[in-house]
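J.: Pasting a predicted model and its sequence here:
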Amino acid sequence: LHPRFGYAESSEQIAYVRGDLPNCVKKFVTAHELYHLRDKAKWWVCREFKANIAGALKHPIGFTVCVLMSLAPYQLWYYWKRIIGEVE
């Protein structure tokens, strides 16, 4: 899964979460990915926004730690590549 923290496979209805994350982040990412499995939105920005809110409401500390972890250079590079469409 690296560099992703998690991944939702909607066709299989399976959510994957990295095992090397702090427990509070795992809980947030799990809620985030499970939200993706039931979300019908098409635009990825909208999907991510809603999944982040859903996870943050359930696990605010995990969300905060996840945001801080997202500032790592390799993570920012991965997000940039997603934004410009090099990776899904």
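T.: Done, it's in.

J.: and the helix or strand encompassing residue 50, what does it pack onto?
T.: In the assignment (DSSP states H and E), residue 50 maps to helix 44-58. Helices and strands touching helix 44-58, by 3 or more Cβ pairs under 8 Å, 6 or more residues apart in numbering; DSSP states H and E, are helix 23-38, helix 60-69. C-beta here means a position set from N, CA and C on the backbone, and glycine is covered the same way.

J.: go again using 10 Å as the cut-off
T.: For helix 44-58, the elements it packs on are strand 6-9, helix 23-38, helix 60-69, helix 73-83, judged by 3 or more Cβ pairs under 10 Å, 6 or more residues apart in numbering; DSSP states H and E.

J.: Could you list the buried residues of it?
T.: 47, 51-52, 54-56, 58 (16 or more other Cβ atoms under 10 Å).

J.: re the thing from before, so which of the helices and strands packed on helix 44-58 is the most surrounded?
T.: Highest mean neighbour count of these: helix 23-38, a mean of 20 (counted as mean count of other Cβ atoms under 10 Å).

J.: what about the nearest residue to residue 32 once chain neighbours are set aside, distance to residue 86?
T.: Nearest residue to residue 32, sequence neighbours excluded (Cβ to Cβ, 6 or more residues apart in numbering): residue 55, at 3.8 Å. Applying Cβ to Cβ, to the nearest Å, the value for residue 55 to residue 86 is 25 Å.
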